[in-house]
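Pasting the sequence and the predicted model now:
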Amino acid sequence: MAMTGPLAPWAPGMAEWLTRLGYTPRLVERHLQLAGGLSKFLHRRGLTASDLSQELIEQFAAARRAKNRSRRPTARSLSWLVDYLSDIGVATAPAALPVRSEQQVLIERYRDYLTVERGLVPDTAANYVPVVTLFLAAHPVRELHELSAADVSEFMTSQCRQVSTRGAERLATGLRSFLGFALVEGLISVSLVGAVPSVARWSGATLPRGLTSTQVAALLSSCDRRRPLGRRDYAILLLLVRLGLRAAEVSALRLDDIDWRTGEIVVRGKGRTEERLPLPPDVGAAIAAYLRRGRPRRPEREVFLRACAPLRGLTPDGVSEVARAASERAGLGSFGSHRLRHTAGTQLLQAGASLPEVAEVLRHHTIATTAIYAKVDHLALRDLATPWPGGAR
C-alpha cells in the first residue's frame, strides 16, 4: 500500500535507508507501514514532516497501542525514522526534551566531570551513576550542604547489608568519587571522602574460575560454523579464551587493528591504552573465515557486527552475551566473557608461562593482580607445603 500524508515523498528514501541498515525486505515493509500510520497521524492534525518531534511520536505510539493491543509499538520503534529525517535535513525541529530534575542535572554534570576531567571512557563513567542516583535519593541535592560524615557512614552501613562484598566495593568507590566531585563543585564545604569506610576484603582470597580444556572444546564446538553467526561467535570466543581479551576490547576491535602481515592485533584496553599482541594462527584463521564468509559487507570498521538489523558494531554487552549463550548451549551453566579471561590466564600458567608473561598477555598494571593465578597451579604449590609434624606429607 502506497504511503500517504506528509511523509509520503520520502518513502523511497526510507526503504533505502532501512535496507542499508540491514533490515530484511519483510521488516522494511513492516517499518514502512508504521511510518505510514505516523504520516496519517500528522496529516489529521494538519502537521508537516518538519513538525515531527519526540512528543508527537510518543502520542502516536500511545494511540496505536490503545487501538490495537496485539501490536504494541513504542517510540523506539520509530527511532530510525527520526535519524533518517534528521540526516536529510527534513526534521529540523528539535525534539522536545523533558524537564529535568535537579538530581538529573547534577548527575549529567558529574558524568561530564568523569569523562572530561578524569578521562574515563563513557561506559566506565556509566558504572558510577547508579551509586550517585541511590545516594541522591537519600540525600537530595538541595540538602548536600548539610551533609555530614555520619550521614555518609550511615548510608554505607545501610546499603552494604543488601549487597555482596564486590558490590560494596563498587558502592564505596563510586561514593568517594562523587564526594570528591561535590567538593570541587562547592556542594559541600569539607572533604567527606574519608568518611566512606573501607570494605573488608582479603586480597587474593578467591580463586580465578577457569575452564578445563574439555570444557573449552565443548564451548567452541557449540558454535555452528556452517552459518555466519556461528563463524562470528567462534572467532569471538577464541579471542576471549586464547588472548584473554575483555568484552570491551573485543567490541572495540576494528578492521584496521589487524596486521595480517606481521600477525599482530592492536588492543584498546583500560585507560585508553593501545597495545600490540601476537595473533595466534587459529584465532587469525577464525577471524578471516568470519570476514570472508560471515560478516555482512558493511562500511562499519568494527570487526564484529550485530547479526540482526540495525547492523552495527557489537557492544561489550553483546560480546558477553555471545559467551553466555555458548556456555548454555554447551551445558556448562551460564557465565559471561570474564570467565574466559580467567581461563586464558590459568592455561598460560599451566603451560609454563611465568607470572610476568601472564601479566603481559592479560595487560595487568601490576604483578599483584596476576599473582592470584599462581594459586591454581596445584603441582607447583605442592612443593611449597611443609611436612605435617609426625605424619606423612
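Arrived safely, thanks for sending. Just so you know, these numbers come straight off a predicted model, no measurement behind them. Residues are numbered from 1 along each chain as shown.

Surely Val283 touches Leu243?
Yes. Shown here, Val283 and Leu243 form a contact pair, counting by C-beta atoms under 8 Å, at 6.9 Å. Where C-beta positions appear, they are placed from N, C-alpha and C, glycine not excepted.

between these two, who's got more neighbours?
Taking neighbours as other C-beta atoms under 10 Å, Val283 and Leu243 compare with Leu243 leading, 22 against 19.

Can you give me the neighbour number for Pro228?
Residues near Pro228, counting by other C-beta under 10 Å: 17.

which residue packs closest to it, ignoring adjacent ones?
Nearest non-adjacent residue to Pro228, counting by C-beta to C-beta, 6 or more residues apart in numbering: Gly294, 3.7 Å away.

residues near the one you found, how many?
Around Gly294 there are 22 other residues, counting by other C-beta under 10 Å.

in stretch 24-35, what counts as buried?
The neighbour-count check on stretch 24-35 (16 or more other C-beta atoms under 10 Å) flags 28, 31-32, 34-35 as buried.

List the residues that contact Pro280.
If a contact means C-beta atoms under 8 Å, 6 or more residues apart in numbering, then Pro280 has 242-243 as its contacts.

what about it, distance to Leu239?
In this view, Pro280 and Leu239 are 10 Å apart by C-beta to C-beta, to the nearest Å.

Repeat that for Gly313.
Remark: distance between Gly313 and Leu239 (C-beta to C-beta) = 15 Å.

ok, these two, which is more surrounded?
Taking other C-beta under 10 Å, Gly313 and Leu239 do not tie; Leu239 has more neighbours (28 against 17).

show me the contacts for the closest residue to Gly284 other than its chain neighbours.
Distances taken as C-beta to C-beta, 6+ apart place Gly263 nearest to Gly284, at 6.6 Å, with adjacent residues excluded. Gly263 makes contact with 278-279, 281, 284, according to C-beta under 8 Å, 6+ apart.

Please indicate which of those are buried?
For the contacts of Gly263, buried by 16+ other C-beta under 10 Å: 279, 284.

Show the pLDDT at Gly294.
pLDDT recorded at Gly294 is 92.

again, but for the one 4 residues further on
At Arg298, the model reports a pLDDT of 87.

tell me which helix or strand of this structure sits lowest on mean pLDDT?
helix 378-382 (a mean of 46; mean pLDDT, DSSP states H and E).

Quick check: which ranges of the protein have low pLDDT?
Filtered on pLDDT under 70, the chain yields the residue ranges 1, 68-72, 91-100, 200-208, 271, 350, 354-355, 357-358, 360, 364-393.

That one - how does it break down into domains?
8-87, 102-195, 213-379 (automatic domain parsing).

Now do the same for Ala125: helix, strand or coil?
Following DSSP: H, G, I helix; E, B strand; the rest coil, Ala125 is assigned to helix.

what's the spacing between the residue lying closest to it once chain neighbours are set aside and Thr124?
In this structure, Ala125 finds its nearest non-sequential neighbour in Leu114, 4.0 Å apart by C-beta to C-beta, 6+ apart. Going from Leu114 to Thr124 by C-beta to C-beta gives 8 Å.

Of those two, give the one with the bigger neighbour count.
Leu114 (21 against 15).

How much space separates that one from Gly194?
Per C-beta to C-beta, Leu114 is found 21 Å from Gly194.
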